[in-house]
Every structure is written in C-alpha cells, then in structure tokens.
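**Student:** Here you go, sequence then predicted model.
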Amino acid sequence: DTEVTQTPKHLVMGMTNKKSLKCEQHMGHRAMYWYKQKAKKPPELMFVYSYEKLSINESVPSRFSPECPNSSLLNLHLHALQPEDSALYLCASSEGGANVLTFGAGSRLTVL
Amino acid sequence: AQSVAQPEDQVNVAEGNPLTVKCTYSVSGNPYLFWYVQYPNRGLQFLLKYITGDNLVKGSYGFEAEFNKSQTSFHLKKPSALVSDSALYFCAVRVFYGNNRLAFGKGNQVVVIP
C-alpha cells in the first residue's frame, strides 16, 4: 500500500461546528504532516508528527487541534473555524526527516 | 534561510515541444532539492529529487532536472510535453534548521496546448 488516504473529500461546516479530518497510511512512515493549501498557492505546513509525537506546530490557531492516535493515523480536529480557514487540507507522510513526502488527495473544507 | 524561487507564474508550451520549468535556490550548505506536481483536485505527487551525485536527475513521467551549482538552479525539463502534463509544479528545498520541513516555491502553472 503506497497511498495516503484522507476523509472526507469535501466538508462544509458552520463557524460553530466541530468536525474532524482523518488521514491514514500503511507504509510504515514515521513522520506525518498537515498542510493547508489555498487555490494556486504552495502548501503551508501546519503540524508535523514524528514517531507519534508533535514535533512542529507552525503557530497554528488553537481552533485547529491535531491528534496522532497511532503510527498510521492522523486527525485534525476543527472547532469554531472562520471563513478564511476554507482551503484544501493535505495530509502527507514520509519515512523521516524531510525525505520524499507522499501526499493524500486532500480534504476540501468550506466554512460558512 | 533556505528558499527556492520559481520566477514564472505560467508556462505555456505546445504539445510535443520541450518543457522547462525554472527553479533557483538559495541555501547555505549543500541543497536537498525536490520537484512535485499537482493535478487538479489532487494532492502533490513527487517527481524527483537531488541530494548528491549526478547533476542530471531522472524522475517520474519522463521528467528530468539538472542541478547547476554555479547558477544555483534546478530546472525541471521534459523533452516532449503532453497535454496530460498540464498541472501545477512546485520546486522545494529541505530546510535544515528544522526537521521535517520543506520550503516550497510559489508554483508554476503549466499549460500544454494541443
């Protein structure tokens, strides 16, 4: 299995909702990432987990809360988001360091 | 700080013609350089990387890139473009001062005209 699977593919939520994005990989990669991407722009790093521990938080607002339940799963919990948080959220994994990243197809989030 | 620059916003090329997407880098030390491609409504896909060794790197889908230290460039090339190569291309460099971090260029939209 050489894929990163993200669910849901599309999510529409109000500013008072609580939702979660999920990411799964079975490649044995020990580093997992969340990126945010606006249209036609490069992805922006949000969080990095290394060996299931949060190693990088790029000063992301607390309305985004990451979780790594085990080495194959990564979640992003969303609460009280703003319309400007609407974007494509990409999950990625790698063997470690900044080696080759394998990206999922993304979850497209719309905040109303 | 480690960074890459992609000077063009969009590259238009006729199908069958050579395709070049430009990238220049600014790093201290030896660079780890990458190219990724993003098709519409998809995540990024790895094309190729340069770490050490041969300056000409071959990658997926017939793409190659040439590392040029004197010009601090890492241009992506394909001898004969296909319509299906139309996508957004990102150059990236590994950021050494932090683990697990890549710095991406702004991206180039490639349009291959039939």
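**Tutor:** Thanks, I have it. Numbering: from 1, shown residues only, chains lettered A, B, ... in the order given.
**Student:** and residue B:41, that's in a helix?
**Tutor:** No: counting by DSSP: H, G, I helix; E, B strand; the rest coil, residue B:41 falls outside a helix, being coil.
**Student:** Can you give me the distance of it to chain A?
**Tutor:** 8 Å (C-beta to the nearest C-beta, to the nearest Å). Just so you know, the C-beta spots here come from the backbone N, C-alpha and C atoms, and that holds for glycine as well.
**Student:** just the residues of chain B that are near chain A, which are they?
**Tutor:** B:32, B:34, B:36, B:41-46, B:49, B:88, B:90, B:94-95, B:98-102, B:104-107, B:109 (C-beta under 8 Å from any C-beta of the partner chain).
**Student:** from those residues, which would you call buried?
**Tutor:** B:32, B:34, B:36, B:42-46, B:49, B:88, B:90, B:94-95, B:100-102, B:104-105, B:107, B:109 (16 or more other C-beta atoms under 10 Å in any protein chain shown).
**Student:** what lines up beside the helix or strand bottoming out on mean pLDDT in chain B in the sheet?
**Tutor:** The weakest-scoring helix or strand in chain B, judged by mean pLDDT, DSSP states H and E, is strand B:102-104 (a mean of 92). Strand B:102-104 sits in its sheet next to strand B:87-94 (antiparallel), going by DSSP bridges.
**Student:** where in chain A is pLDDT low?
**Tutor:** A:1, A:96-98 (pLDDT under 70).
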